[in-house]
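J.: Need coordinates for the below:
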Amino acid sequence: MAQQYWRRRLLLYLRSCARAELEVWDRPIRFFHWMVTGLVLACLLSGWLDPAWQLDRHLLLGGVLAGLWLFRLIWSLAGSGYARFSPFFALPKDEKRQRGINLTPTR
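T.: Residues are numbered from 1 along each chain as shown. A predicted model of the protein is given here:
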């Protein structure tokens with residue numbers, strides 16, 4: 001009985017996910033994430049395959065990765081609201097009140 005309940009809930013959830021057309025991350029952020037994933041894997045492989053000719057490739061991949069991180073920092077300033085880093089550091093006012101953080105200055 002419980003197994004059928006959870007199976008039904010899972011199917012409803014999967015159907016709702018299939019119908020959803022909401023894109024939170026914009027294309028530059030998706031590009032950044034996939035490129036970082038690929039470059040980290042390429043750096044790991046070139047680091048493990050130790051021959052000297054791999055060192056140049058490893059350094060080149062690391063430089064491209066550093067350039068991508070620089071792009072991400074710039075895009076966090078110029079991109080959409082979802083690309084910015086500010087939501088990571090800001091607490092909503094309600095949550096500040098729940099944590100007992102005083103929002104008004106005291107004298």
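J.: List the buried residues of stretch 74-85.
T.: Applying a neighbour-count criterion of 16 or more other C-beta atoms under 10 Å, one finds W75, A83 buried in stretch 74-85. Every C-beta, even on glycine, is put in place using the N, C-alpha and C of the backbone.
J.: hmm, I was thinking of stretch 36-51
T.: Within stretch 36-51, the residues that qualify as buried by neighbour count (16+ other C-beta under 10 Å) are L39, A42, C43, S46.
J.: Mind checking which of these are in helices?
T.: Where the buried residues of stretch 36-51 overlap with helices, as defined by DSSP state H, the overlap consists of L39, A42, C43, S46.
J.: List the residues that contact the residue lying closest to the second one once chain neighbours are set aside.
T.: What that stands for is A42. Here the nearest residue to A42 in space, its sequence neighbours aside, is L61; by C-beta to C-beta, 6 or more residues apart in numbering that works out to 5.2 Å. The contact partners of L61, by C-beta atoms under 8 Å, 6 or more residues apart in numbering, come to L39, A42, C43, S46.
J.: one more time with 10 Å
T.: With contact taken as C-beta atoms under 10 Å, 6 or more residues apart in numbering, L61 is in contact with G38, L39, V40, L41, A42, C43, L44, L45, S46, G47, Q54.
J.: What of D26?
T.: If you count contacts by C-beta under 10 Å, 6+ apart, D26 has them with W75, G79, S80, G81, Y82, A83.
J.: which stretch of helix or strand covers the nearest residue to C43 once chain neighbours are set aside?
T.: If you skip the residues right next to it in sequence, C43 has L61 as its closest partner in space, 4.9 Å away by C-beta to C-beta, 6+ apart. When secondary structure is defined using DSSP states H and E, the element that contains L61 is helix 52-78.
J.: Counting neighbours, which bits of that helix end up buried?
T.: Along helix 52-78, the positions that meet the burial threshold by neighbour count (16+ other C-beta under 10 Å) are R57, H58, L61, G62, L65, L68, R72, W75.
J.: Just the pLDDT for the residue lying closest to the first one once chain neighbours are set aside.
T.: Of all residues beyond its chain neighbours, the one nearest R57 is S46 (5.1 Å), with distances taken as C-beta to C-beta, 6+ apart. Note for S46: predicted pLDDT of 84.
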